[in-house]
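1. give the three-dimensional model of this entry:
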Amino acid sequence: MYTFHRTHVRRLIDFISSSYDMRIIAIIGPRQVGKTTIALQARQQLMELGFTCQYISFDDPQLNKPRWPIDAHIPDITSIENFANPKTLVDIWDNAREASLKSPRGHVLFLDEIQLIPQWSNYVKGLWDRDRREGYPLHVVILGSAVWQMLVGRNESLTGRFRELSVKHWSLQEMAKVFGLTAEQFMFYGGYPASWPDESEKSRFDYWREYITKTIIGSVIGRDIVLLKQIKKPALMRQLIDIAPSYSGRIMAYNKLLGLLHDKDNATTVKHYLNLLSDAGLITTLFRYTPSPHLGMASSPKVNVLNTALMTAPSGYSFQEAQVDRPFWGRVVESAVGAHLCNTRNTATRIHYWRDKGGRHEVDFVISRGPHLIGVEVKSGMKQTHRGLDAFKDRFPHAKTMMVGPGGFPFNEFLSLTTDEWIEDL
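-> Now for the predicted structure:
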């Protein structure tokens, strides 16, 4: 039976087996993009290569008991509160150290949902430092449902102790290969693999919509953000995640967005909460491109979901109804392009939008990396205008431009290359 492996599996195996780099490997990314599956698939192959491996999930402790070494002390695992604590982490790590000394190639310890342990990063620092001093052949892989800044805090790091394996939302190529989605289906249903069951179309749609609204959005609010960060107004955060996706593809001043919320606070709070949603891999905010970055950061942001399912599932539209409503479908298509640019870019690459000072001309997206500058216009209908791109080219003569959609690069082709591949190929 064919089993699909994302490219991250090979990279993880190479990290562990092809070097003496003993830094902690952090598999991080949004919920339900396959981080645990990647770890388990890599574990199987690593065991075939001669490594011993242990996988521990702090999210579902009852599943761990059969995986515990026979001669190990088993802590109380009747609840997450009793299991996901620093003492349990230390016990697990000590057992893994002993196992590493008995393994010919070393031992690999996978720690899933590690963010559930209070002050976990402080303990991991100390444990890892001792491993290096005493020479234990122990590889540690940690997994968490958020980006690194959310897991350890924006002002805290494990500098020099970890290497990051970032897992983003599934691409069109992956969803097409595994589930047979077309570009149009991908733009509507998004890239959550577990939301695509092998059922009838009606049952599939109902399951998909409930999965996105409850499993994805509900879990992110209830666990990844509220538990990890001090949220003074959870109700305000809940309203923001309900409202913000419906404005994907639009430029929104923070005060205007604040005016849509029932629980009034201030624009600074809204900005902070949007940053947390970005850290959780749900929504990002893009700023106006300008050669002076500090001026761009002062502009009104453009909201863009990082997975279009987040805007389509709560909308009430079916796939067919969405395509008929041309303004709505236009925002879906534009958001899909923006999500693809953000999800596939390298860390040195930035995504913006552009609008001239008079507000007459606008470009949907701008890709910038070093000397490279590309204006991207998205078209979902047959009406073709180039005024925005022409004005952008006049303002930045060295820039390149591209149109995506009818009259330009087909969506299938555009979504098949990463952002940085477009920089090199255009």
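2. and the next element down the chain from the biggest helix by length in the chain?
-> As assigned by DSSP state H, the longest helix anywhere in the chain is helix 326-344. Counting by DSSP states H and E, the next helix or strand C-terminal to helix 326-344 is strand 350-355.
3. circling back: contacts made by the longest helix of the chain with the rest, please.
-> Contact with helix 326-344 is made by 168-169, 171-172, 186-188, 248-250, 284, 286, 304-308, 311-312, 315, 317, 322-323, 351, 364-365, 367, 376, 378, 380-381, 404-405, 411, 414-415, 418-420, as judged by CB atoms under 8 Å, 6 or more residues apart in numbering. All C-beta spots, glycine's among them, are computed from the backbone N, C-alpha and C.
4. domains in this structure, by residue range?
-> The chain breaks down into these domains under automatic domain parsing: 7-166, 172-425.
5. check these for me: which has the lowest mean pLDDT.
-> Of all the domains of the chain, the minimum mean pLDDT falls on domain 7-166 (a mean of 82).
6. could you work out the end-to-end span of that domain for me?
-> Start and end residues of domain 7-166 are separated by 11 Å (CA to CA, to the nearest Å).
7. distance between that domain and the chain's centre?
-> Centroid separation for domain 7-166 versus its chain: 20 Å, with CA atoms, centre = their mean, to the nearest Å.
8. doesn't residue 240 make contact with residue 270?
-> Yes: between residue 270 and residue 240 there is a contact under CB atoms under 8 Å: 6.8 Å.
9. got any residues that touch both of the two?
-> 257, 261.
10. can you pull out the helices in the stretch 101-250 of the chain?
-> Here the stretch 101-250 of the chain has its helices, by DSSP state H, counting those that start in this stretch, at 120-134, 148-152, 172-179, 183-189, 201-210, 219, 234-243.
11. and those helices, which is most packed in?
-> For the helices of the stretch 101-250 of the chain, the largest average neighbour count (mean count of other CB atoms under 10 Å) is found in helix 183-189, namely a mean of 22.
12. could you export that helix as CSV, CA atoms only?
-> Output in CSV follows, covering the C-alpha atoms of helix 183-189 (Å, rounded to 0.1, in the frame of the first residue of the first chain):
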residue,chain,number,x,y,z
ALA,A,183,-6.5,24.0,-8.4
GLU,A,184,-10.0,25.4,-8.0
GLN,A,185,-10.9,22.8,-5.3
PHE,A,186,-7.6,23.5,-3.5
MET,A,187,-8.3,27.2,-3.5
PHE,A,188,-11.7,26.6,-1.9
TYR,A,189,-11.1,23.6,0.4
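13. and the contacts of that helix?
-> Around helix 183-189, the neighbours that count as contacts under CB under 8 Å, 6+ apart are 172, 175-176, 181, 195-196, 208, 308-309, 312, 319, 322-323, 332-333, 336, 410-412, 415.
14. please apply the same query to stretch 205-219.
-> Residues from elsewhere that reach stretch 205-219 (CB under 8 Å, 6+ apart): 31-32, 145, 189-190, 192, 194-197, 199, 241, 282, 309-310, 313-314, 318-319.
15. any quick ChimeraX command for the buried ones out of those?
-> Under the burial definition 16 or more other CB atoms under 10 Å, those of those that qualify are selected in ChimeraX by:
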select :31,32,145,189,190,192,195,196,241,282,309,310,313,314
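16. how close does the residue nearest to residue 403 when sequence neighbours are not counted sit to residue 404?
-> Leaving aside its chain neighbours, residue 403 sits nearest to residue 377 (5.0 Å; criterion: CB to CB, 6 or more residues apart in numbering). According to CB to CB, to the nearest Å, residue 377 and residue 404 sit 7 Å apart.
17. and what of residue 130?
-> With distances taken as CB to CB, residue 130 is found 52 Å from residue 404.
18. rewinding a little: the contacts of helix 326-344 in strands, which ones?
-> The strands, defined by DSSP state E, take in 284, 286, 304, 305, 351, 364, 365, 367, 376, 378, 404 from the contacts of helix 326-344.
19. nearest to residue 296 among the residues you listed?
-> Nearest to residue 296 among the ones in strands among the contacts of helix 326-344 is residue 286, at 9.5 Å by CB to CB.
20. who is that closest one paired with across the strands?
-> Per DSSP bridges, the residues bridged to residue 286 are residue 302.
21. how many neighbours does it have?
-> Burial measure for residue 286: 22 neighbouring residues, criterion other CB atoms under 10 Å.
22. quick one: it and residue 350 touch, right?
-> No: Residue 286 is not in contact with residue 350 according to CB under 8 Å; the separation is 9.0 Å.
23. thinking again about what came up before, among the ones in strands among the contacts of helix 326-344, name the buried ones.
-> Judged by 16+ other CB under 10 Å, buried ones among the ones in strands among the contacts of helix 326-344: 284, 286, 304, 305, 351, 364, 365, 367, 376, 378, 404.
24. quick one: contacts for the fourth one?
-> Going by CB under 8 Å, 6+ apart, residue 305 touches 245, 248, 282, 283, 311, 335, 339.
25. greatest separation within those residues: which pair is it?
-> Greatest spatial distance among those (CB to CB): 282 and 335, at 12.3 Å.
26. measure the closest residue to residue 225 other than its chain neighbours to residue 231 for me?
-> Of all residues beyond its chain neighbours, the one nearest residue 225 is residue 276 (5.4 Å), with distances taken as CB to CB, 6+ apart. Using CB to CB, one gets 8 Å for the distance from residue 276 to residue 231.
27. comparing the two, which residue is more hemmed in?
-> Ranked by neighbour count (other CB under 10 Å), residue 276 and residue 231 place residue 276 first, with 24 against 18.
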